[in-house]
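Participant: Structure for the following, please:
(chains A, B, C and D)
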2 protein chains.
Amino acid sequence: MRLNRTQRALILKALADPRRFELLQSIANAGCPFGCSQALATLPISAATLSHHVKELETAGLIEVRREGKFAYLTLRPGVLASVASFLASLESAARPGR
Amino acid sequence: MRLNRTQRALILKALADPRRFELLQSIANAGCPFGCSQALATLPISAATLSHHVKELETAGLIEVRREGKFAYLTLRPGVLASVASFLASLESAARPGR
DNA sequence: GAATCAATTCGACAGTTATCGGACTGTCGA
DNA sequence: TCGACAGTCCGATAACTGTCGAATTGATTC
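Facilitator: Now for the predicted structure:
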């Protein structure tokens, strides 16, 4: 997957907040789609704040939010984290031309 | 290299600002140590702001600042970007247990 | 229809931060 | 020694953002 500068900036900003990152980790490590209520039980934040963070991760393209009736389920969007990771790694390798 | 939660958060926060990221890219892509004056010619910011960003990148552990007389030279610290990249990649692979 | 519950939206507020001008420090050349 | 110059430090300020309570929406159940 190819990311332009704007998308990269959005993603890095989304990853920068510790709670949001923790939420992303929970989503990634959960085997199945992650419910918002489940997230609320994990993180010491209010529902309003969780909703805000979910939206941030969603607009950054990091997660997919599937809404079913009353509930919302969060899943990692494949390829996005891998893309930014490989970009960062390529930055580093560019700095070591000899190796 | 192993990074704890705090260091990771610091690094991600340092990467989150677009100008700072651009600066880091310039440092990484430069074959030789990158001078502050060179950075000033590239970025549309004041010297004070540049100094602030340099300090942020330095305390995050992303760059090394070598001060020689009047000048300061910036180089990428090896392994840091690679570490955070591999961590992000591992997060993604954790979400795909089957593969 | 009324009650309940999950999630979102809406101000509002506090803390953070990117930015700058100006003052300062230290270095080098004349 | 005296400028000139690179970089840093110091408020100050404007913008951003993480957080919350309260109000709202939408769905489910009784």
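Participant: contacting residues for residue A:59?
Facilitator: Shown in contact with residue A:59 (CB atoms under 8 Å, 6 or more residues apart in numbering or on different chains): residue A:10. All C-beta spots, glycine's among them, are computed from the backbone N, C-alpha and C.
Participant: Could you check the pLDDT of it?
Facilitator: The confidence metric pLDDT takes the value 98 at residue A:59.
Participant: Can you tell me the closest non-neighbouring residue to the residue positioned nearest the centre of chain A?
Facilitator: Taking CA atoms, centre = their mean as the criterion, residue A:62 is the residue nearest the geometric centre of chain A, at 4.0 Å. Leaving aside its sequence neighbours, residue A:62 sits nearest to residue A:80 (CB to CB, 6 or more residues apart in numbering or on different chains; 5.5 Å).
Participant: Next: residue A:37.
Facilitator: Using CB to CB, 6+ apart and skipping the chain neighbours, the partner closest in space to residue A:37 is residue A:71 (7.5 Å).
Participant: any idea how far DNA strand C is from the residue nearest to the centre of chain A?
Facilitator: Shown here: residue A:62 relative to DNA strand C, a distance of 15 Å by CB to the nearest atom of the strand, to the nearest Å.
Participant: which phi and psi does that residue have?
Facilitator: Backbone dihedrals for residue A:62, given as degrees, to the nearest 10, come out at phi -80, psi -30.
Participant: what are the ranges of the strands in chain A?
Facilitator: Using DSSP state E, the strands found in chain A span residues A:34-35, A:63-68, A:71-76.
Participant: Could you save those strands as a markdown table and add columns showing mean pLDDT and mean neighbour count?
Facilitator: Conversion of the strands of chain A to a markdown table gives the following (pLDDT from 0 to 100; neighbours: other CB atoms under 10 Å in any protein chain shown):
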| stretch | mean pLDDT | mean neighbour count |
| --- | --- | --- |
| strand A:34-35 | 96 | 18 |
| strand A:63-68 | 97 | 13 |
| strand A:71-76 | 97 | 18 |
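Participant: ok, now which ones touch residue A:63?
Facilitator: Listed by CB under 8 Å, 6+ apart, the contact partners of residue A:63 are A:24, A:27, A:54, A:57, A:74, A:75, A:76, A:77.
Participant: Near DNA strand C, list only the ones from the residues you listed.
Facilitator: Applying CB under 7 Å from any atom of the strand to the contacts of residue A:63, one finds that residue A:54 fall near DNA strand C.
Participant: Looking at the contacts of residue A:63, which is nearest residue B:6?
Facilitator: Within the contacts of residue A:63, the smallest distance to residue B:6 is 17.0 Å, found for residue A:24 (CB to CB).
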